[in-house]
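> Whatever this is, show me its structure:
(2 chains)
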Amino acid sequence: DTEVTQTPKHLVMGMTNKKSLKCEQHMGHRAMYWYKQKAKKPPELMFVYSYEKLSINESVPSRFSPECPNSSLLNLHLHALQPEDSALYLCASREGGNSNQPQHFGDGTRLSIL
Amino acid sequence: SQKIEQNSEALNIQEGKTATLTCNYTNYSPAYLQWYRQDPGRGPVFLLLIRENEKEKRKERLKVTFDTTLKQSLFHITASQPADSATYLCALDMRRDDKIIFGKGTRLHILP
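Residues are numbered from 1 along each chain as shown, chains lettered A, B, ... in the order given. Here you go, the predicted structure:
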């Protein structure tokens, strides 16, 4: 089991639906991340939150909307997605302060867009 | 342009032998280099971190080297086992923000 918990594990949605992905960590980490990963590719950074503030947005389309309600929770709101958005969405956290800390990943949400 | 390259997309190694994976980078100056393991359908799991002023780091059967002159890291698994079969990702940490940058990964298959 990982220390970063992502729900749901699988999600199938139509292009007109609105859904949210959830990520939770209770390690006291101050940085949280969303990544998108396609098959046989490395994780691709989408967003970074540092101390609950959005610090990095890697030019992600606005149909993806991140939210950090508190230091333990990270959400990714999805709306009007395209079939090419089907992927594994990974959440990660990091202790922060010193950048010699590794990232801790959840096992992801497998998203399929019909 | 900036690049991170891992030597091969896939690598087959006989059980019991040493597996060596390579990570090369250009036009980056990482302060730290990390290695992760990823199994199918799972998130990456951190294995080892090496600093720019360190030459070598070990953990059980794992060894990482870091040569900032060659801009290369080598990742070794000694006495390899079929359970070591996975994708291995190297990642660069620049120390200037919260980002780490992943290489494309090497799929390692340990053959029994």
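
> which strand residues sit across from residue B:48 in the sheet?
Counting by DSSP bridges, residue B:48 is bridged to residue B:35.

> What score does the closest residue to chain B within chain A have for pLDDT?
Relative to chain B, the nearest point of chain A is residue A:105 (3.2 Å; Cβ to the nearest Cβ). Using the backbone N, CA and C atoms, a C-beta is placed for each residue, glycine as well. Residue A:105 carries a pLDDT value of 97.

> I figured it was touching residue A:90, is that so?
Yes: Residue A:105 is in contact with residue A:90 according to Cβ atoms under 8 Å; the separation is 5.5 Å.

> Tell me the secondary structure at the residue lying closest to residue A:5 once chain neighbours are set aside.
Nearest non-adjacent residue to residue A:5, counting by Cβ to Cβ, 6 or more residues apart in numbering or on different chains: residue A:24, 4.8 Å away. What DSSP: H, G, I helix; E, B strand; the rest coil gives for residue A:24 is strand.

> Looks like residue A:24 contacts residue A:68 (just checking).
No: the pair residue A:24 / residue A:68 is not scored as a contact, 11.4 Å apart, by Cβ under 8 Å.

> Can you work out which residues contact both of the two?
Shared contacts of residue A:24 and residue A:68, defined by Cβ atoms under 8 Å, 6 or more residues apart in numbering or on different chains, are found at residue A:74.

> which bits of chain A sit near chain B?
A:2, A:4, A:31, A:33, A:40-43, A:45, A:48, A:50, A:55-56, A:88, A:90, A:92, A:94, A:96, A:99-100, A:102-108, A:110 (Cβ under 8 Å from any Cβ of the partner chain).

> please redo it, this time with the cut-off set to 7 Å
Within chain A, the positions adjacent to chain B are A:2, A:31, A:41-43, A:45, A:48, A:50, A:55-56, A:90, A:94, A:99-100, A:102-103, A:105-108 by Cβ under 7 Å from any Cβ of the partner chain.

> What's the local residue count around the residue in chain B positioned nearest to chain A?
Residue nearest to chain A within chain B: residue B:43 (3.2 Å; Cβ to the nearest Cβ). With neighbours defined by other Cβ atoms under 10 Å in any protein chain shown, the count for residue B:43 comes to 23.

> contacting residues for the residue lying closest to it once chain neighbours are set aside?
Residue nearest to residue B:43 in three dimensions, not counting chain neighbours: residue A:105, with 3.2 Å by Cβ to Cβ, 6+ apart. Residues near residue A:105 by Cβ atoms under 7 Å, 6 or more residues apart in numbering or on different chains: A:2, A:4, A:90, A:92, B:43, B:44.
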